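**Student:** below are the sequence and a predicted model; questions follow.
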Amino acid sequence: MRRHPLLLLIAVPLVLFAAGAVPAETHPLQLQTSERAIIERLACQDPHGLAMQTLDGHTYGRGASVPAVAEVHCASHGTFKGSPVHYMVQCARERSEWNCQGEWSEMLVDVGDERIAVRVEGRTSLALSYEVVQTVANGGRFQGYPLRKTLVPPCYVNRGAAQEFIDVKCEGWHIIVSTWCPQSQCPRVLSMSKTGD
């Protein structure tokens, strides 16, 4: 079962908060070599036969077994439009045990004179995801707001249950793009909404 983007990063502190156990501050994740090896195996080696390239995360409190979250980038497993593609995996530590669940293929998409990180979920193709993000970037304004400003990386792209709709979720924004466009250029932005604050 696929998890919503950032589910693990949100779930651990929420569960602890509900139990009254979340410390007020987070700390950078510092791991022993043996624990890094466990995460590398869970996130990259066992599912994909790849080494871990980077690991970034934080803990909720101090100590070797406090709850923690980590974002793992596996070594590149290919290229798309001249840029490396990596599996990006979200892992969490609870009760001294690591579990890795959320997984995306991360690529870079050319947007004007910069490149932004885009994480593609499930069976959505890299080619369609790239085209959809560029459609948003080059779409001008929607409901009076510049679409380009919504693309705050990383952006998550996922084909919804209705196959003609693609969800693009960037920090603070949810955009729905349609690939069914009988009377206009395709793909096209169908809706845009602000999330959180």
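**Tutor:** All right, it came through fine.

**Student:** all strands for this protein, in order.
**Tutor:** Assignment of strands within the chain using DSSP state E yields the ranges 27-28, 52-59, 68-74, 78-80, 83-94, 97-111, 114-120, 141-142, 145-146, 155-159, 165-170, 173-178, 188-194.

**Student:** as CSV, the ones you listed with distance to residue 45 and mean pLDDT would be great.
**Tutor:** Placement of C-beta: from N, CA and C, glycine included. Listed next are the strands of the chain as CSV, based on distance: least, Cβ to Cβ, whole Å; pLDDT from 0 to 100:
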stretch, distance to residue 45, mean pLDDT
strand 27-28, 24, 90
strand 52-59, 8, 95
strand 68-74, 9, 96
strand 78-80, 17, 96
strand 83-94, 11, 96
strand 97-111, 11, 94
strand 114-120, 20, 95
strand 141-142, 43, 90
strand 145-146, 42, 90
strand 155-159, 24, 94
strand 165-170, 29, 94
strand 173-178, 34, 93
strand 188-194, 39, 90
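
**Student:** which one of these lies closest to residue 40?
**Tutor:** Ranking those by distance to residue 40, with Cβ to Cβ as the measure, places strand 52-59 first at 3.9 Å.

**Student:** now what about the closest one, what contacts it?
**Tutor:** Residues lying outside strand 52-59 but in contact with it, judged by Cβ atoms under 8 Å, 6 or more residues apart in numbering, are 26-29, 31, 36, 39-40, 43-45, 66-76, 86, 91.

**Student:** any of the residues you listed buried? List them.
**Tutor:** Burial by neighbour count, judged by 16 or more other Cβ atoms under 10 Å, picks out 26, 29, 31, 39-40, 43-44, 66-74, 86, 91 from these.

**Student:** quick one on the thing from earlier: redo the strands of the chain as TSV? Include distance to residue 131.
**Tutor:** Rendered in TSV, the data for the strands of the chain read as follows (distance: least, Cβ to Cβ, whole Å):
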stretch	distance to residue 131
strand 27-28	37
strand 52-59	26
strand 68-74	24
strand 78-80	12
strand 83-94	15
strand 97-111	9
strand 114-120	11
strand 141-142	17
strand 145-146	20
strand 155-159	10
strand 165-170	9
strand 173-178	9
strand 188-194	11
